[in-house]
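Undergrad: The following comprises the amino acid sequence and a computationally predicted model.
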Amino acid sequence: MPTSWSTPIDNYCERIGAGFWAEPLNAITNGAFVLAAAYAFFLWRWAGGRDLAALWLIAVTAAVGIGSFLFHTFANRWSVMADVIPIAVFIYSYFLLALRRYLRLGWVAAVAVTVLFGLFNSLFVRLWLGVFPGLTLNGSVSYFPAALALVAVGALCLLRDRRVAGRALLLAAVVFAVSLLFRSIDDALCSALPIGTHFLWHVLNALVLLILMRAAIASGPADRAKPVR
């Protein structure tokens, strides 16, 4: 049957109806992204307020929170786009920034590697299901390339003596792995835990983005007014 942009979506344990507030915890915890963006903005201003790349990441993080809030309240096809697009924008923006700022690649090389990462990302779920049929982990498999990128780029940063950035990325990878666990087990725990665990994905993922934004700000323009706290 044809679907419309208003077709309902029920993906999470907490939702038991079609109402706007049918996922209160999943909706409200998106405020963590807005708080992370607000604190990162404070760090950005403290560091001199000249780093436009970091400011872009802050704006996208706020958009992640707003988009996810819309999805967990309206829960339909158009709101799922509001949810996933800002997340994708942050992933690719940060990947490109990391290649340029941390690994010091030129623009051509950085863009080329980012495009290759995008192709790998687009094929990963299909490759995964070819090896593990039916094992989607509640949709979390699609985020595995981002987790792998954090580990790979973080390790390369350490090898190239970019220790602050490397440690931040690896710390973000650990927190991201825990957040993915809570996202993955949400549906499986419905009978034992009716509120689910997806809201913990929001809180921990907001922490992941804050760690990444702080690292970006700390490694920004050399003429910043004050060091990042």
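TA: The structure has been received and is ready for your questions. Numbers count the residues shown, from 1 in each chain.
Undergrad: Can you name the residues that contact residue 215?
TA: Residue 215 makes contact with 164-165, 168-169, 172, according to C-beta atoms under 8 Å, 6 or more residues apart in numbering. For glycine as for every other residue, the C-beta is placed from the backbone atoms N, C-alpha and C.
Undergrad: go with 6 Å
TA: With C-beta atoms under 6 Å, 6 or more residues apart in numbering as the criterion, the residues that contact residue 215 are 165, 168.
Undergrad: for residue 128, same thing?
TA: residue 141.
Undergrad: swap in residue 141?
TA: For residue 141, the contact set (C-beta under 6 Å, 6+ apart) comprises 125, 128.
Undergrad: Can you classify it by secondary structure?
TA: helix (DSSP: H, G, I helix; E, B strand; the rest coil).
Undergrad: Backbone torsions only: list them for residue 93.
TA: Phi and psi for residue 93, reported as degrees, to the nearest 10, are phi -60, psi -40.
Undergrad: That one: neighbour count?
TA: 16 (other C-beta atoms under 10 Å).
Undergrad: Which parts of the protein are helices?
TA: Remark: helices of the chain, listed N- to C-terminal, are 24-28, 31-46, 52-74, 77-97, 107-131, 144-159, 163-184, 198-218; assignment by DSSP state H.
Undergrad: Report the angle between the longest one and helix 77-97.
TA: Spelled out, it's helix 107-131. What separates the directions of helix 107-131 and helix 77-97 is an angle of 130 degrees, with axes from the mean of the first three to the mean of the last three C-alpha atoms, to 10 degrees.
Undergrad: Ok, the second one next?
TA: Orientation of helix 31-46 against helix 77-97 (the same axes, to 10 degrees) gives an angle of 40 degrees.
Undergrad: Count the residues that sit near the residue nearest to residue 162 when sequence neighbours are not counted.
TA: Counting by C-beta to C-beta, 6 or more residues apart in numbering, residue 162 lies nearest to residue 102, which is 5.1 Å off, once chain neighbours are set aside. Per other C-beta under 10 Å, the neighbour tally for residue 102 reads 22.
Undergrad: Identify the residues contacting residue 102.
TA: Applying C-beta under 6 Å, 6+ apart as the definition, the contact partners of residue 102 turn out to be 157, 162, 165.
Undergrad: was I right about the last one contacting residue 157?
TA: Yes. Distance between residue 165 and residue 157: 4.7 Å, which falls inside the contact criterion (C-beta atoms under 6 Å).
Undergrad: can you tell me the average pLDDT over stretch 166-175?
TA: If you average the pLDDT over stretch 166-175, you get 98.
Undergrad: Can you get me the centre-to-centre distance for that stretch and its chain?
TA: Here the centre of mass of C-alpha atoms in stretch 166-175, compared against the chain's by C-alpha atoms, centre = their mean, to the nearest Å, lies 13 Å away.
Undergrad: Tell me the buried residues in it?
TA: The neighbour-count check on stretch 166-175 (16 or more other C-beta atoms under 10 Å) flags 166, 168-173, 175 as buried.
Undergrad: Now distance to residue 8 too, for the residues you listed, in a markdown table please.
TA: Formatted as a markdown table, the entries for the buried residues of stretch 166-175 read as follows, by distance: C-beta to C-beta, whole Å:
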| residue | distance to residue 8 |
| --- | --- |
| 166 | 43 |
| 168 | 39 |
| 169 | 38 |
| 170 | 39 |
| 171 | 38 |
| 172 | 33 |
| 173 | 34 |
| 175 | 32 |
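Undergrad: Alright, that wraps it up for me.
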